[in-house]
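Enquirer: Structure for this input, please:
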Amino acid sequence: MLQNHLSNGVLTLTFDRPDKFNSFNQELALAVQGGLAEAASNPDVRCVVLTGNGKAFCAGQDLGEAVDPNGPELRTIVGDHYNPIIQAIRDLPKPVIAAVNGVAAGAGANIALACDIVVASEFASFIQAFSKIGLIPDSGGTWTLPRLVGFQRASALMMTGDKVGAAEAQSMGMIYKVFAADTFGEQVTALAEQMAQMPTKGLALTKAALNASGTNNMKDQLSLEETLQTEAGQTYDFNEGVQAFLEKRAPKFKGQ
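Expert: Residues are numbered from 1 along each chain as shown. Predicted coordinates:
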């Protein structure tokens with residue numbers, strides 16, 4: 001259901017239901033929640049990568065489970081499965097990279113877009129598939145997508161359910177970068193390991209500021225920046241970064 005691999009400070013969580021295009025069921029959702037909780041508590045983890053096994057990143061909800069009379073109700077699927085994942089991604093005091101290796105549809109797309117950095121294979125695509133079965137976008141999509149691509153474009157993508165290719169997603173600001181398929185794995189690893197060597201505490205405080213910027217007015221955001229910058233200035237990594245700059249050497253951050 002979920003592969004967990006920790007190497008060089010990077011915890012890779014791989015959705016592993018390739019025969020179902022990595023669609024989510026209860027077991028996978030709870031496993032992802034557990035993986036993110038482990039990332040939060042393990043000091044050896046300094047970056048998280050979410051990706052999929054096989055041709056897809058994640059096709060969203062397993063509809064067989066959704067219509068099973070003995071399965072979880074939609075309220076449970078959204079409230080207990082997806083919402084905790086989105087909240088955990090945004091609350092995690094470490095960078096989370098979505099490495100979109102193939103199609104990301106429905107909740108799969110919106111889980112990816114909730115991450116701090118989204119990169120995609122050139123053959124990946126993003127689909128707000130909810131309208132095709134009479135549902136609304138969930139997993140934070142109605143909050144995230146308009147802020148990435150604008151209200152009008154987000155509205156159209158959600159109502160039409162049109163497929164957006166990786167290059168178009170990058171051009172409209174939905175994702176960060178597109179990597180060639182034959183070097184996708186290597187480039188994701190290089191990016192993740194770069195993030196794992198960064199000043200993790202500073203990145204966490206940056207993330208906190210970005211989280212608050214969606215609702216703060218300018219005055220409140222300036223006050224928050226002052227508070228968070230003061231906290232960042234008390235870290236080991238700030239001191240190391242300054243000393244490395246003055247000594248004209250590469251810094252060796254500890255994430256503290």
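Enquirer: buried ones in stretch 19-28?
Expert: Within stretch 19-28, the residues that count as buried by 16 or more other C-beta atoms under 10 Å are Lys20, Phe21, Asn22, Ser23, Phe24, Asn25, Leu28. (Glycine included, C-beta is placed from N, CA and C.)
Enquirer: Span of that stretch from start to end?
Expert: Chord length of stretch 19-28, first to last residue, is 14 Å (C-alpha to C-alpha, to the nearest Å).
Enquirer: Kindly report the same for stretch 140-156.
Expert: 17 Å.
Enquirer: can you list the residues that contact that stretch?
Expert: Residues outside stretch 140-156 that contact it (C-beta atoms under 8 Å, 6 or more residues apart in numbering) are 83, 86, 109-110, 113-114, 128, 136-137, 157-158, 162, 172-174, 214.
Enquirer: These, buried ones only, as a PyMOL selection?
Expert: To isolate the buried members of those in PyMOL, using 16+ other C-beta under 10 Å:
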select buried, resi 86+109+110+113+114+128+137+157+158+174
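Enquirer: Lowest pLDDT pick from the contacts of stretch 140-156?
Expert: In terms of pLDDT, the lowest of these is Gly214, showing 91.
Enquirer: Please name the residues that touch that one.
Expert: Contacts of Gly214 (C-beta under 8 Å, 6+ apart): Trp143, Arg147.
Enquirer: switch to 10 Å and redo it
Expert: Listed by C-beta atoms under 10 Å, 6 or more residues apart in numbering, the contact partners of Gly214 are Trp143, Thr144, Arg147.
Enquirer: What spatial separation is found between it and Asp220?
Expert: 12 Å (C-beta to C-beta, to the nearest Å).
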